[in-house]
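Novice: please find the sequence and the predicted model below.
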Amino acid sequence: MNDLAPLLTPEGRALLDEVRDTDPAHELAVATRLRREHPAGLVSAALGQARLRQRAVAKFGAEDARRMFFTPNGVEQSTRASVATYRAECLQALGVRSVADLCCGIGGDAIAFARAGIRVLAVDRDPLTCEAARANADALGLAGLIEVREADVTEVDTAGYDAVFVDPARRSSKRGRIFDPEAYSPPLSWAVSAALGAPRGLLKIAPGIPHEAIPAEATAEWISDGGDVKEAVLWFGPDETPGARRATLLPAVDSIYVTPGTMLPDPEVRPVGRYLYEPDGAVIRAHLVAEVAEEVDGGLIDPTIAYVTADEAHHTSYATAYEITDRLPFNVKKLKALLREREVGVLTVKKRGSAVEPEELRRKVLPKPHGPASVTVFLTRVAGAPTMLLGHPVR
């Protein structure tokens, strides 16, 4: 697929509606039937687009996904709608009325900005990607607020816009995921310069970026949605505190925000108590586990492991609490016997600081699940020793 134009014609749109819910297992039969009445290339493009729309439901929701147009990279790399909406609402609250969206992709962020009433210049250098972004703006009734421009973002004049948002490419067709920020396209250093040159700047970066690579002028935010870390963003502007860190948990929009002078030291290591707290991934990435430990009056089970333990149950939005029933040295045979004795039929395996693969362990210790009980097993280290902690979530 290198041209969306045929799919935007009345014939193409009608074909898209017809194949929308096609089961991938039945594609060949559907394609054979449709090619009797439509060009083969159009049928293939429509079925390919239907597959992409089905994949996109997880990010954009069924209502939008069935109307939008995607490229394979666009589905993979676009921002989840909930995250884009959160960011757009933050900019709206700051009084931003116009934004230059550089490396806009298929327009996921541009759509969220426009829905927040923000005028958008969406720029990308790939012709097909720009074609998809235009089609999406039109399909969702936002073309009046989104201008899509095919250009090299490093050559675009962003003067006059209230904010600049840069989402550099962090994947390569040859190398896959890119870990060096200076190997982003465009490089992180250029993106930082573009952000600093605007009234407000935002840079989307990989969540695993080393903290030492974060520019001193930025507030760094890690965002999770439903417990999964989705991205990190660097914020620049008059309302930001250089060096601040924030962990934001969606959909509730719970945030921990810490400035450099108020960051807590690493929690002390203490014996495993009755409760174990598993901090949200955004909290861990932001290096704010100490703030969670203080909230639950707990400590670490090991100086290198981000599990917090405490003797009392405390409610926190930033970690999942488990009541621990057993602590055992790592031993597959003992675990298998214990699960059989307790008639465990549902086993959840989590790991942190262990080389054991959860699926492999599950096959070994519970080859034939039976019984009504359920248990969560944590494969971890306690005071440096490989350990199994058994428990269940606190309701």
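Specialist: Cool, the structure landed.
Novice: Phe236 - nearest residue in space that isn't next to it in sequence?
Specialist: Nearest residue to Phe236, sequence neighbours excluded (Cβ to Cβ, 6 or more residues apart in numbering): Gly201, at 3.9 Å. For every residue, glycine as well, the C-beta is placed using N, CA and C.
Novice: ok, Arg97 next?
Specialist: Asp162 (5.6 Å).
Novice: distance of the residue nearest to Phe236 relative to Lys364?
Specialist: Here Gly201 is placed at a distance of 51 Å from Lys364 (Cβ to Cβ, to the nearest Å).
Novice: with Pro279 instead?
Specialist: From Pro279 to Lys364 the distance is 28 Å (Cβ to Cβ).
Novice: what helix or strand does Ser374 sit in?
Specialist: strand 373-382 (DSSP states H and E).
Novice: which strands and helices sit next to that strand?
Specialist: Contact analysis of strand 373-382 by 3 or more Cβ pairs under 8 Å, 6 or more residues apart in numbering; DSSP states H and E lists strand 319-329, strand 344-351, helix 358-365, strand 385-393 as its packing neighbours.
Novice: that strand pairs with which strands?
Specialist: strand 344-351 (parallel), strand 385-393 (antiparallel) (DSSP bridges).
Novice: between helix 358-365 and it, find me the angle.
Specialist: Angle of strand 373-382 versus helix 358-365, following axes from the mean of the first three to the mean of the last three Cα atoms, to 10 degrees, is 120 degrees.
Novice: related to what we said a few turns ago, with mean neighbour count, mean pLDDT and distance to Ile256 added, can I get the helices and strands packed on strand 373-382 in JSON lines?
Specialist: Output for those, formatted as JSON lines (neighbours: other Cβ atoms under 10 Å; pLDDT from 0 to 100; distance: least, Cβ to Cβ, whole Å):
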{"stretch": "strand 319-329", "mean neighbour count": "16", "mean pLDDT": "97", "distance to Ile256": "11"}
{"stretch": "strand 344-351", "mean neighbour count": "16", "mean pLDDT": "95", "distance to Ile256": "22"}
{"stretch": "helix 358-365", "mean neighbour count": "14", "mean pLDDT": "93", "distance to Ile256": "28"}
{"stretch": "strand 385-393", "mean neighbour count": "17", "mean pLDDT": "96", "distance to Ile256": "21"}
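Novice: could you save those as a markdown table and add columns showing distance to Leu300?
Specialist: Supplementary listing: the helices and strands packed on strand 373-382 in a markdown table, determined by distance: least, Cβ to Cβ, whole Å:
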| stretch | distance to Leu300 |
| --- | --- |
| strand 319-329 | 13 |
| strand 344-351 | 16 |
| helix 358-365 | 22 |
| strand 385-393 | 13 |
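Novice: how far out from the middle of the chain is stretch 364-380?
Specialist: Relative to its parent chain, stretch 364-380 has a centroid offset of 29 Å by Cα atoms, centre = their mean, to the nearest Å.
Novice: contacts for that stretch next, please.
Specialist: 276, 301-302, 305, 307, 322, 325, 330, 332, 335-336, 339, 342-354, 356, 358, 361, 386-393 (Cβ atoms under 8 Å, 6 or more residues apart in numbering).
Novice: stretch 39-59 too?
Specialist: 1, 6-7, 11-12, 15-16, 18-22, 24, 27, 30-31, 34-35, 65-66, 68-72, 74-75, 78-81, 108.
Novice: Arg177: how many residues sit nearby?
Specialist: For Arg177, the count of nearby residues is 9 (other Cβ atoms under 10 Å).
Novice: closest one to Ser255 among the strands paired with strand 373-382?
Specialist: With respect to Ser255, and counting by Cβ to Cβ, the nearest of these is strand 385-393 at 23.2 Å.
Novice: and the angle for that closest one with strand 319-329?
Specialist: 130 degrees.
Novice: on the three-state scheme, Leu234 is what?
Specialist: strand (DSSP: H, G, I helix; E, B strand; the rest coil).
Novice: quick one: it and Leu203 touch, right?
Specialist: Yes. Judged on Cβ atoms under 8 Å, Leu234 makes contact with Leu203 at a distance of 4.3 Å.
Novice: now do the shared contacts for these two.
Specialist: With Cβ under 8 Å, 6+ apart, Leu234 and Leu203 have common neighbours 192, 195, 218.
Novice: now tabulate those residues in a markdown table and tack on distance to Ala169.
Specialist: As requested, those are exported to a markdown table (distance: Cβ to Cβ, whole Å):
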| residue | distance to Ala169 |
| --- | --- |
| Val192 | 16 |
| Ala195 | 17 |
| Ala218 | 20 |
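Novice: what's the closest of these to Ala88?
Specialist: Ala195 (16.9 Å).
Novice: neighbours around that closest one, how many?
Specialist: The burial count for Ala195: 25, using other Cβ under 10 Å.
Novice: hey, where'd the helices end up in the stretch 101-250 of the chain?
Specialist: 108-115, 127-139, 188-196 (DSSP state H, counting those that start in this stretch).
Novice: export the shortest one as CSV, just CAs?
Specialist: Okay, so that is helix 108-115. Extracted in CSV, the C-alpha atoms of helix 108-115 (Å, rounded to 0.1, in the frame of the first residue of the first chain):
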residue,chain,number,x,y,z
GLY,A,108,-3.1,10.8,16.6
ASP,A,109,-1.8,13.7,18.6
ALA,A,110,-3.0,16.3,16.1
ILE,A,111,-6.6,14.9,16.5
ALA,A,112,-6.4,15.2,20.3
PHE,A,113,-5.1,18.8,20.0
ALA,A,114,-7.8,19.8,17.6
ARG,A,115,-10.6,18.2,19.7
